[in-house]
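[1] using only what follows, build the 3D model:
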Amino acid sequence: MAAAADRPTRVPSELFDSAVVEGAKENRSAKQQLEHWARVGRSVCARQTASRYRVEAALAGTLPLEHVSEDEGVVFDSEVQARLDARLRTTDLGAVLAARGVTTVALNEQGELTEYRPDGTSTPV
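    Coordinates of the predicted model:
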């Protein structure tokens, strides 16, 4: 049976950089480290243990966090961080804040610190 061919995949630079650092500790390439993390994550997610059900209940808000064990808390925190990271990649925070009437300051396309106002105008700071 032939091995499956790799498919090109985009990985956030922060994740790739972490894989380089952590992979070096285990004598793995960045690709091997990402594959390792994916296998471990898949295994953890696939296990429907009592602890996993408790973590899912805590994520859903039906189990108070003070009833989650320390180990379950680690998984809970990882799930929350992964969900936040995914949400941040797909949310235009500037637009959300502007809709709420909030003025923000961020770098523009030229790398200049710029004030963005809710009315759509902006001024370099």
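[2] contacts, neighbours, all on C-alpha from now
    Will do.
[3] longest helix anywhere in this protein?
    Ranked by residue count and defined by DSSP state H, the top helix of the chain is helix 70-90.
[4] buried residues, that helix. List them.
    For helix 70-90, burial by neighbour count (16 or more other C-alpha atoms under 10 Å) applies to 72-73, 75-76, 79.
[5] and which of those residues is nearest to Asp119?
    Among those, Glu79 lies closest to Asp119 (C-alpha to C-alpha), at 36.1 Å.
[6] pull the contacting residues for that closest one.
    By C-alpha atoms under 8 Å, 6 or more residues apart in numbering, no residues touch Glu79.
[7] backbone dihedrals for Thr104, both of them.
    Note on Thr104: backbone dihedrals following degrees, to the nearest 10 are phi -120, psi 160.
[8] domain boundaries for this protein, per the record?
    13-91, 94-124 (automatic domain parsing).
[9] average pLDDT for the first one?
    The average pLDDT for domain 13-91 rounds to 90.
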